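In: Next comes the sequence, and after it the predicted model I'd like to discuss.
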Amino acid sequence: GNSVTQMEGPVTLSEEAFLTINCTYTATGYPSLFWYVQYPGEGLQLLLKATKADDKGSNKGFEATYRKETTSFHLEKGSVQVSDSAVYFCALSTDNYGQNFVFGPGTRLSVLP
Amino acid sequence: SQTIHQWPATLVQPVGSPLSLECTVEGTSNPNLYWYRQAAGRGLQLLFYSVGIGQISSEVPQNLSASRPQDRQFILSSKKLLLSDSGFYLCAWSVWGGSNTEAFFGQGTRLTVV
């Protein structure tokens, strides 16, 4: 079946540090890939997405590239801020009937001033 | 534009009491609807999904049930809550059959069973 694996953390960084959160997936067919962010006490918000191989999703300084050859979608940001502290979820979607989203376990990021 | 409403935001219920959480979506038709649970410090667990009125699929055996009485209404219920039902419950919707569209989440319900 489809699955998503990501580093669970917690990840603690100083402000302005470089961030990488690894994500790899297993899926049949050609999934779309997503990163969601969850701030404390809130629901999930879409951060970025990529729908085909070699696409790069980007938003708010975050980037991730859809790598089909390595089945990965690693999240990166060059300089994190305290306000980036949140839980980040990698997810995939396949065009199957009904359930078509699979989420990773989430990675908690804490950015210290 | 589409919006999703989920309520209540927080809930404290005694063990053995019933539960009803409601989720409604506006601005779209025939969405896929989902209920997820997020236990403290853990990832998302898909509980139920629905592709249409009256069509419910359950992912895990549990003390909960779901219903979809209307196209844009999704209800999560329990007849008798257990302590282990505590968690953060999230409703979500997506476009039916679209693999390149994202899931849109409600703000969640924090349920504490005491």
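Out: Okay, I see it. Residues are numbered from 1 along each chain as shown, chains lettered A, B, ... in the order given.
In: A:Ala91 belongs to a strand?
Out: Yes. When DSSP: H, G, I helix; E, B strand; the rest coil is applied, A:Ala91 is found to be in a strand.
In: Return the residues in contact with it.
Out: A:Val4, A:Leu33, A:Phe34, A:Trp35, A:Tyr36, A:Phe101, A:Val102, A:Phe103, A:Gly104, B:Ala103 (C-beta atoms under 8 Å, 6 or more residues apart in numbering or on different chains). From N, CA and C alone the C-beta is placed, and that goes for glycine too.
In: B:Ala103 now?
Out: A:Leu44, A:Ala91, A:Ser93, A:Phe101, B:Tyr34, B:Ala92, B:Trp93, B:Ser94.
In: Do you know the pLDDT at the first one?
Out: Translated: A:Leu44. A:Leu44 carries a pLDDT value of 91.
In: Tell me how many other residues crowd it.
Out: A:Leu44 is flanked by 29 other residues according to other C-beta atoms under 10 Å in any protein chain shown.
In: Kindly confirm my reading that B:Ser84 is in a strand.
Out: No. Per three-state DSSP, B:Ser84 lies outside any strand segment and is helix.
In: who touches it in this structure?
Out: B:Asn63, B:Val113 are the contacts of B:Ser84 under C-beta under 8 Å, 6+ apart.
In: In chain B, where is pLDDT below threshold?
Out: Judged by pLDDT under 70, chain B has its weakly predicted residues at B:41, B:61, B:96-100.
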